[in-house]
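Q: Model the following, please.
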Amino acid sequence: MSEDPAKGLWAVLALRRLAERMEANHVAAARRAGWSWQQIGDALGVTRQSIHNKYGK
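A: Take a look at the predicted model:
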């Protein structure tokens, strides 16, 4: 862990972007596998509405 806030914040941003890409890829894979929005929301700990709003387009 760095004492430099710029390095720490850059790392946080990089991790957030990676997590978003991973989530999108796995949500798409779940949908292809026939999962419902409810199942995906449950697996991610969010409502089906929120996950559908984010990825249902």
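Q: so what secondary structure elements neighbour the helix or strand hosting Val12?
A: Element membership for Val12 (DSSP states H and E) is helix 5-32. Where contact means 3 or more Cβ pairs under 8 Å, 6 or more residues apart in numbering; DSSP states H and E, helix 5-32 is packed against helix 37-44, helix 48-55. (C-beta placed from N, C-alpha, C; glycine too.)
Q: Work out the gap between the last one and the centre of the chain.
A: Just to be clear, that refers to helix 48-55. Taking Cα atoms, centre = their mean, to the nearest Å, one finds helix 48-55 lying 11 Å from the centre of the chain it belongs to.
Q: Same check on stretch 31-42?
A: Using Cα atoms, centre = their mean, the offset of stretch 31-42 from its chain centre is 14 Å.
Q: now swap in stretch 4-21 and tell me
A: Here stretch 4-21 is found 14 Å from its chain centre; the criterion is Cα atoms, centre = their mean.
Q: Do me a favour and average the pLDDT over it.
A: For stretch 4-21, mean pLDDT is 97.
Q: Give the buried residues for that stretch.
A: By neighbour count on 16 or more other Cβ atoms under 10 Å, the buried set for stretch 4-21 is empty.
Q: How about the residue nearest in space to the middle of the chain: what's its closest non-neighbour residue?
A: In the chain, the residue lying closest to the centroid (Cα atoms, centre = their mean) is Glu23, at 3.2 Å. Spatially, and ignoring its direct neighbours in sequence, Glu23 is nearest to Leu44 (7.3 Å; Cβ to Cβ, 6 or more residues apart in numbering).
Q: Gly41 too?
A: Sequence neighbours aside, Arg48 is the residue nearest to Gly41 in space, at 4.1 Å (criterion: Cβ to Cβ, 6+ apart).
Q: Alright, calling it a day.
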